[in-house]
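Undergrad: here's a sequence, model it:
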Amino acid sequence: MSNDPLNEILQFLKPESRIDLKHISLDHLVGLSGSEDGINTLLQNEQIIQNVIELCDDRIEEIAKNALLLLVNVTANAKGATELLKYKPSTHRNILNLLIGYVLNPQKRYADAACMILSNVTRLEDQLEICIDTFLPQLNDILNAFVNIDFNKTGSNLNYLAPMFSNLSCSNRIRKWLTEEHPHVPLIKLLPFCNFEKSVIRRGGALGTVRNLSFDTEYHTFLLSNELDLLTYLLSPLMGNEDYPDEEMDKLPIALQYLPKEKTRDPDVDIRKIVLETLNKLCTKQNGREVLRENGVYYVLREYHKWEKDPKALLTCENVVDILIQKEEEVGAEDLSTVDVPDDMIDKFQKMDEDYLKNVE
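TA: Numbers count the residues shown, from 1 in each chain. Have a look, this model is predicted:
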């Protein structure tokens, strides 16, 4: 530690240090954090990281900005994200509370960087439950800030809270909060951002949250309830301006009938894949399959399949269609997740998928 060259700049990374020296020192460290080797070097010096954390709340906004950007780079690395969670700011219970406080303060100019750090650290599955202990008491406030587009008065858009919510929804505690919190069910507030045209980050995070819920079949009845109108949000990214025969149009969710000529499909293929994967999961149980059939999902996928070029999206689309076009007696199980598939058949199906992707490409 005594031979660590970074020790030489420790004296310049204190709140009381000269502003110009803090600037120069942080600029150097931000550059260092741009590589994995640089991040490892930073992580070896605990006092450097501690000082940078303290500077995230510096009275000089540009200093705070650079400190936050450095931590964005550090937490983009899984090891860096894990290590950062171990630190305790002098003014907060933990690093998460510092960042959440940043997000919930509408006057913080660089709250977006704090959102990015929160998104990065919540990707850690092995640390998620520890994070949630801090998040849960404040989640309603965070969600309210997120859904209020004009919450931050300095230009921060808080878009990266969306992937943070998606990451958090890997936990059963958060899935329960999303679907059972009262008096206002959080998921209902989040759903409109599945189709938020101004930000692919918000769309992806909101849809990713729904997809995580769909992996848990106990939520399927709620997800497909009339209260939620989920299929309106799921199908819209897959729909263009095509015309449907009247009998097919009548089956579609009301909001998706007779769309304007300028309607286009979501341009982001990852968004479209998330939607298809979610529809696939919602086909797991008979009730879900029946709701999808009754709401004309097959017709939407039929038209979408004619348009899509991405091989993996096409394959996922076909998997959903294959289920929906079967009668229930042909499907052969009320709950597909309970079907025991022999290992040799799993290998065979994987090989078929690989061959399909090669042929399409």
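Undergrad: how many residues are close by P192?
TA: 12 (other Cβ atoms under 10 Å). For every residue, glycine as well, the C-beta is placed using N, CA and C.
Undergrad: how about the nearest residue to it once chain neighbours are set aside, what does it touch?
TA: Distance criterion Cβ to Cβ, 6 or more residues apart in numbering; nearest residue to P192, sequence neighbours excluded, is Y233 at 7.5 Å. Shown in contact with Y233 (Cβ atoms under 8 Å, 6 or more residues apart in numbering): 191-192, 194-195, 210.
Undergrad: how does it look with 7 Å?
TA: 191, 194-195 (Cβ atoms under 7 Å, 6 or more residues apart in numbering).
Undergrad: so which of these is surrounded by the most neighbours?
TA: Busiest of the contacts of Y233 [other Cβ under 10 Å] is C194, holding 27 neighbours.
Undergrad: that residue and R203: what is the separation?
TA: 6 Å (Cβ to Cβ, to the nearest Å).
Undergrad: which intervals of the stretch 251-361 of the chain have sub-threshold pLDDT?
TA: Judged against pLDDT under 70, the low-scoring parts of the stretch 251-361 of the chain cover residues 337, 339-361.
Undergrad: end-to-end on stretch 175-195?
TA: 21 Å (Cα to Cα, to the nearest Å).
Undergrad: three-state assignment of the residue nearest to P192?
TA: helix (DSSP: H, G, I helix; E, B strand; the rest coil).
Undergrad: renumber starting at 139 from here on
TA: Shifting the count to begin at 139 puts that one at Y371.
Undergrad: for it, report the pLDDT, please.
TA: Predicted confidence (pLDDT) for Y371: 98.
Undergrad: quick one: the helices in the stretch 139-288 of the chain?
TA: 157-170, 174-181, 184-193, 199-213, 216-222, 233-241, 249-259, 266-273, 277-285 (DSSP state H, counting those that start in this stretch).
Undergrad: the stretch 339-488 of the chain now?
TA: 358-361, 368-373, 384-387, 407-420, 424-432, 435-445, 449-462, 466-469, 481-498.
Undergrad: quick one: distance of the first one to the chain centre.
TA: Read that as helix 358-361. 20 Å (Cα atoms, centre = their mean, to the nearest Å).
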